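Enquirer: coords please:
(2 chains, ligands or ions: 2)
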Amino acid sequence: MADISIRDVRKSYGKDEVIHGVNLDIQTGEFVVILGPSGCGKSTLLRMIAGLEDITSGEITIAEKVVNHLEPRERGCAMVFQNYALYPHMTVADNIGYALKVAGMPTAERIEKVKQVASSVGLTEFLDRRPGVLSGGQRQRVAMARAIIREPEVFLFDEPLSNLDAKLRVQMRHEIRRIHNRVKATSVFVTHDQHEGMTLADRMVIMNKGTIDQVGTPEEVYNAPATTYVAGFIGSPAMNFLPGRVLASHAAVVLEEGSSLPIPSQAAQTMDGKLVQIGARPEALSLCRPGSGTLTATFEFYEELGSEGLHHLKIEDVQFSVLSENKMRLDEGTQIGVTIPQEALHIFDADTGRRIEISDPIHAIETA
Amino acid sequence: MIERTPWLNLVTHAILFTGLFILVVPIYLVIVAASQTLPDVMAIPAKLLPGDQLLVNIRAAWEEAAFGTKFTNTMILPTGVVVGKIVIAALTAFGIVFFNHRLRMPIFWMVFITLMLPLEVRIVPTYAVAANALSPFQTILDVTGFSWLINAVSGIEVALEWNLLNSYTGLIMPLVATATGTFLYRQFFLTIPDELVEAAKMDGAGPLRFLWDILIPLSRTNMAALATIMFVVGWNQYLWPLLIITDPSYGVAAVELSRLVPNMNTTGGDIPNWHWAMAGTLIVMLPPVAVVIFMQRWFVRGLINTDK
Ligand SMILES: Nc1ncnc2c1ncn2[C@@H]1O[C@H](COP(=O)(O)OP(=O)(O)O)[C@@H](O)[C@H]1O
Ligand SMILES: [Mg+2]
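Expert: Numbers count the residues shown, from 1 in each chain, chains lettered A, B, ... in the order given. Ligands and ions are numbered 1, 2, ... in the order given. Purely as a prediction, here's the structure:
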């Protein structure tokens, strides 16, 4: 078991810097998910931890030991790849046991171990087959077994589920969490799928173009997104944003279209005149008669989601959506009121995109 | 785009059969001539149906050209070429594809240049080198003045010599050092996904372990293709053995065949023994044909790279 510490790590390919100084501490036994859209540098970061990619500058330590110049095999990490990367010419048993074979474990002992691990992931009857004849889910299990058998200090996963169909993905997700609960190894899991991230993570790391925007539990990231980027990325359907200006005289944020959203006067005082982005999650809003809510919008179209309905509206030129069990199929162009409870408001600095905390009644804090 | 119209079908098949005809007729004529008696072979108009003398002629040719010993000899040449080529090609391609070092491109281009300089083109310098394999080093020492220096300091005359004429080494080495195999392997290695390389790294396999446990087993079909091609090439070598082998105990079958082919020396002005010559041709053709037929399945798979 080991903790991982990433200190001001940068990565450049030639002149292009793709990781811009990342700091992250991962506790022993923790399941950390690195989440971000494709191309933001998640894999690069993971591969630097694994030792598959040189670290341009900065320092990575695993179990208090600086690993910058250690070979992958010396770092005690096992990795599960997106495309499984199974050895096509070896049987499932040989695939799973290859690391032990390289390490020089006696054959009898190795075979015993392979059987044991294979049975723990339900692969016993496939041990003699080649990866080529297995289904996606089974290959995924082989890849998992290959990592588990080494009893590594650290598990690294690079989008291991993205090649599976939706149902299998959920199933394997649970499996991975179950395995983690059993072996308790430190795990770093890279994905671009927020549901995967939310359900698996002890803590999530949200990456944005080579930097970390926020680190926190799934609840923290959902309830208090640190930037507009995180706010827009986490949560589905995506958060609504409206531009506005803080006016201390109104103790409110006044939106461009004229309506005002009250905020604590203390907070309004400190930010008087500041340009902000108001964020509100569709599921925290409700619809009402025109004129009676916080603001008035124009109805655009309706989307049926089964238990709830997603109502697409327009406020001035800004798209806005409301998720509600109270389904309303209205005609396009109809005026409708929207209620925004004060506790549902997220306020972000319009220039920096950073969150401005307003719930604290004493003073408004900018979270770093 | 593949079009299918009756007309096009007809034309394609016509071309196909013309090609087949051009290929098969000479072989047929060889079989016909090899199975007839000498008067029948010489008969005018030519008899185009096989006779019944095939086995008799083959035995005569076998004894006349002393193929018994020549065949063992001839096996050594292609076998050596096949083994040497596979080992060198696999190692070179391994170095070019999987390692990121400064010499990577220079080595790649040096190998590439040999494609433009086949043995036939550089046969004279190659012969000079074979006559003394150390002569390039001697030249370097002479030109740089080292020979003079050594001579002045120690009084020893620097004269490096390693003669490869009339030896298997000399026969095989120049044929091994060509780029085709390296390219075939490089092409195959480039199709190996990066993730597989990385998985092996994570599993703790070093480069040699990776080569041995993963690349070599995966490239079996490739190896079969290369072996087949190189066996045939090695077996058919004529010019190079003819040049460097003067000792008949190193003679190879393709060259010996020429002794059966009639000329003034072999027949002393008599009627040439065409029937024996053709029987000998058949004998010499058999091993490569057998190898190709035997290896066909792997050979094709290796060239189209589907076994992954
Ligand atoms: N070997 C490489 N050479 C040059 N650029 C690379 C290389 N690998 C990744 N990149 C670049 O680094 C950025 C991050 O890539 P990656 O870590 O794979 O993103 P992610 O896994 O988040 O999708 C991308 O812009 C990508 O183009
Ligand atoms: Mg990636």
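Enquirer: Next secondary structure after the one helix or strand B:Leu243 maps to?
Expert: Per DSSP states H and E: B:Leu243 is located in helix B:239-244. Remark: after helix B:239-244, the chain's next helix or strand is helix B:253-260, criterion DSSP H and E.
Enquirer: Buried residues of that following helix, list them for me.
Expert: Residues of helix B:253-260 classed as buried: B:Ala253, B:Ala254, B:Val255, B:Glu256, B:Leu257, B:Arg259, B:Leu260 (neighbour count, 16 or more other CB atoms under 10 Å in any protein chain shown). Quick note: C-beta positions are derived from backbone N, CA and C, even for glycine.
Enquirer: what sits against the closest residue to ligand 1 within chain B?
Expert: Residue of chain B nearest ligand 1, by CB to the nearest ligand atom: B:Asp194 (9.2 Å). B:Asp194 makes no contacts at all, as judged by CB atoms under 8 Å, 6 or more residues apart in numbering or on different chains.
Enquirer: now it: how far from B:Leu8?
Expert: Between B:Asp194 and B:Leu8 the computed distance is 43 Å (CB to CB, to the nearest Å).
Enquirer: longest helix anywhere in chain A?
Expert: When chain A is parsed with DSSP state H, its longest helix is helix A:166-183.
Enquirer: CA atoms only: put that one into CSV for me.
Expert: The C-alpha trace of helix A:166-183 is given here as CSV (Å, rounded to 0.1, in the frame of the first residue of the first chain):
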residue,chain,number,x,y,z
ALA,A,166,-23.5,0.5,-21.4
LYS,A,167,-24.9,-2.3,-19.4
LEU,A,168,-21.6,-4.1,-19.1
ARG,A,169,-19.9,-0.9,-18.2
VAL,A,170,-22.2,-0.4,-15.1
GLN,A,171,-21.6,-4.1,-14.2
MET,A,172,-17.8,-3.8,-14.4
ARG,A,173,-17.9,-0.5,-12.6
HIS,A,174,-19.5,-2.3,-9.6
GLU,A,175,-17.0,-5.1,-10.0
ILE,A,176,-14.1,-2.7,-9.8
ARG,A,177,-15.4,-1.0,-6.7
ARG,A,178,-16.0,-4.4,-5.1
ILE,A,179,-12.4,-5.4,-5.9
HIS,A,180,-11.2,-2.2,-4.5
ASN,A,181,-13.1,-2.7,-1.3
ARG,A,182,-11.5,-6.1,-1.0
VAL,A,183,-7.9,-5.4,-1.8
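Enquirer: List the buried residues of that helix.
Expert: A:Leu168, A:Arg169, A:Met172, A:Arg173, A:Glu175, A:Ile176, A:Arg177, A:Ile179, A:His180.
Enquirer: what helix or strand does residue 96 sit in?
Expert: I'll assume chain A. Assigned by DSSP H and E, A:Ile96 falls within helix A:92-103.
Enquirer: Sorry, I should have been clearer: chain B.
Expert: Secondary structure (DSSP H and E) places B:Ile96 in helix B:67-98.
Enquirer: Show me what that helix is packed up against.
Expert: Here helix B:67-98 touches helix B:104-116, helix B:168-176, helix B:180-190, helix B:207-210, helix B:220-235, helix B:253-260, helix B:274-304, going by 3 or more CB pairs under 8 Å, 6 or more residues apart in numbering or on different chains; DSSP states H and E.
Enquirer: can we see that at 6 Å?
Expert: With contacts taken as 3 or more CB pairs under 6 Å, 6 or more residues apart in numbering or on different chains; DSSP states H and E, helix B:67-98 sits against helix B:168-176, helix B:180-190, helix B:220-235, helix B:253-260.
Enquirer: just the residues of the stretch 1-150 of chain A that are near chain B, which are they?
Expert: Counting by CB under 6 Å from any CB of the partner chain, the positions of the stretch 1-150 of chain A adjacent to chain B are A:52, A:72-73, A:79, A:81, A:83, A:85, A:87-89, A:98-99, A:102.
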